[in-house]
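Q: just coords:
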């Protein structure tokens, strides 16, 4: 490897997390990025705000958003959203939200977001990525979920 000018760098998981946290904290641009996406792509405003409020990772956020839509339309949202505690109970849908390393069990979401999402249309990760790419914006979903987990 050295003869080809390549270097082997070993980093621990902790080093990678610290480096990523410093990147997010140094720039402090994540919330500004969400505002920019909302301004350029009003179609994504409800989803982007939901991601920011819930703290879910990108794919889990899309899954949750679409599950809310599906259950509201079937009038079964109470199977997912606890109105008394104002929480989404992801643990009831293990196949979507409980993975070996990245688990989402619950998140607190105001009822206003459930109502707001219920007026939206289903979305996919591909649609979101394409819209952001066409708008010449950088995708920062990893930073959004990371900064919210660090708060």
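A: Received, thanks. What you are looking at is a predicted structure, and each value in this text was computed from that prediction instead of being measured.
Q: can you list the weak-confidence ranges in this structure?
A: 1-28, 145-151 (pLDDT under 70).
Q: Could I get the full set of strands for this structure?
A: Using DSSP state E, the strands of the chain run over 81-82, 87-89, 106-108.
Q: Can you say which of these is packed in most?
A: Most buried of those by mean neighbour count (mean count of other C-beta atoms under 10 Å) is strand 87-89; its value is a mean of 19. For glycine as for every other residue, the C-beta is placed from the backbone atoms N, C-alpha and C.
Q: Now do that one: everything it contacts.
A: With contact meaning C-beta atoms under 8 Å, 6 or more residues apart in numbering, strand 87-89 is reached by 54, 64, 68, 80-82, 105-109.
Q: what's the answer for stretch 131-140, then?
A: 29-30, 33, 36-37, 40-41, 43-44, 129.
Q: Enumerate the positions of that stretch that are buried.
A: 131-132, 140 (16 or more other C-beta atoms under 10 Å).
Q: now that stretch, how far from the centre of its chain.
A: Distance, stretch centre to chain centre, for stretch 131-140: 15 Å (C-alpha atoms, centre = their mean, to the nearest Å).
Q: Please apply the same query to stretch 50-59.
A: 3 Å.
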